[in-house]
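Visitor: Could you look at this predicted model? Sequence included:
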Amino acid sequence: MKSCLFLATAALLSSITAPNASAHCQVPCGIYSDDTVLIDLQTHQKTIAKAMAQINELSKDTGKNANQISRWVSNKEDHATKIQNTITQYFLAQRVKLGEADSNNAAYLNKLSLAHQIIVNAMKCKQTTDTENAQKLHDAIEAFTKAYKG
């Protein structure tokens, strides 16, 4: 029994203390495609919208649903953080090129503005369960996708 408890505790601790592997390591590996990453952004947004709907529904009886509400809140915030990380670590750090500011400044500034809107809307999704914020996030991702694909 003690060995089972030790193994379970060790597994839990290793998962908590293990470093997070970033999907966008900033090494030019060529593994990630822009289309796949853009689809992932949309999937994260859909998950946020569903989480908000579930939180709002479950909140009608918080006593009975406290654990599920907590899990949906955590899930919602995790997906919003993933969106923020993808925009900053993949698009802003690697894909939106500084040289575009010289060659097509308007397009460059539009992409930066839309990326900022995504980051702010994802933050607002963390702060509330107002589904309007999820819709604004959706719209910003769609606009960024169009601007990015040009």
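Guide: Received it, and whenever you're ready, just let me know what you need. Numbers count the residues shown, from 1 in each chain.
Visitor: distance of the residue nearest to the spatial centre of the chain from Lys64?
Guide: Nearest to the geometric centre of the chain sits Ile83, at 2.3 Å (C-alpha atoms, centre = their mean). Computed as C-beta to C-beta, to the nearest Å, the Ile83 to Lys64 distance reads 31 Å. Using the backbone N, CA and C atoms, a C-beta is placed for each residue, glycine as well.
Visitor: Also Asn110?
Guide: Counting by C-beta to C-beta, the separation of Asn110 from Lys64 is 47 Å.
Visitor: which of these two has more neighbours?
Guide: More neighbours surround Asn110 than the other of Asn110 and Lys64, with 17 against 10 (other C-beta atoms under 10 Å).
Visitor: about what we covered before: helix or strand: which one has the residue nearest to the centre of the chain?
Guide: Using DSSP states H and E, Ile83 sits in helix 62-85.
Visitor: So which bits of that helix are buried?
Guide: Neighbour-count burial for helix 62-85, with 16 or more other C-beta atoms under 10 Å as criterion, is recorded at 65, 69, 72-73, 75-77, 79-80, 82-85.
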